[in-house]
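Engineer: Okay, sequence plus prediction incoming.
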Amino acid sequence: LSPGDLPRSGTVHRGRALAGVMTGAVWEVVGGSDKGGIIVRSGAATKSPELGARLSTGALVRQLELQGDRLRYLRLTGEGPRCGWVSSKVKEKPLLSPSEQRPLADAGDGRPESATRRIGIAVL
């Protein structure tokens, strides 16, 4: 996957919502702490090639698409592949959890805003 392969924010292709969680929702990686994170794959199929690096536990991701228990994401915080497919659970053990957290510099369009682009106001 490359950023050019990603749908625009709010677009769903063949995806469906899970328990009221819609595209654009933010998820936190809660699984994989004993393995350095969770496996990321290039496609929705669980047999598709692994991307190599794992998505770190505690990372926040924006949902781009949901197919059953498989989530296509864009990483907002943490370490690991910028985008890819992960499982939301394994054998009923959650790997992802819906999150109310929003990255401090989240621009709202799936692209974290650089801290250097934020404008500060000085009081004289």
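Structural biologist: Sure thing, it's come through. Numbering: from 1, shown residues only.
Engineer: how many neighbours does residue 33 have?
Structural biologist: Using other CB atoms under 10 Å, residue 33 is surrounded by 12 other residues. The way it works is simple: take the backbone N, C-alpha and C, and place the C-beta from them, glycine included.
Engineer: Given the longest strand along the chain, what are its sheet partners and their directions?
Structural biologist: Counting by DSSP state E, the longest strand found in the chain is strand 60-67. Note on strand 60-67: by DSSP bridges, its sheet partners are strand 26-29 (antiparallel), strand 70-75 (antiparallel).
Engineer: Give me the neighbour count for residue 54.
Structural biologist: 20.
Engineer: excluding its backbone neighbours, what's nearest it?
Structural biologist: Among residues not flanking residue 54 along the chain, residue 37 sits closest, at 3.3 Å (CB to CB, 6 or more residues apart in numbering).
Engineer: Over to residue 69?
Structural biologist: Nearest one to residue 69, counting by CB to CB, 6+ apart, is residue 88 at 4.9 Å.
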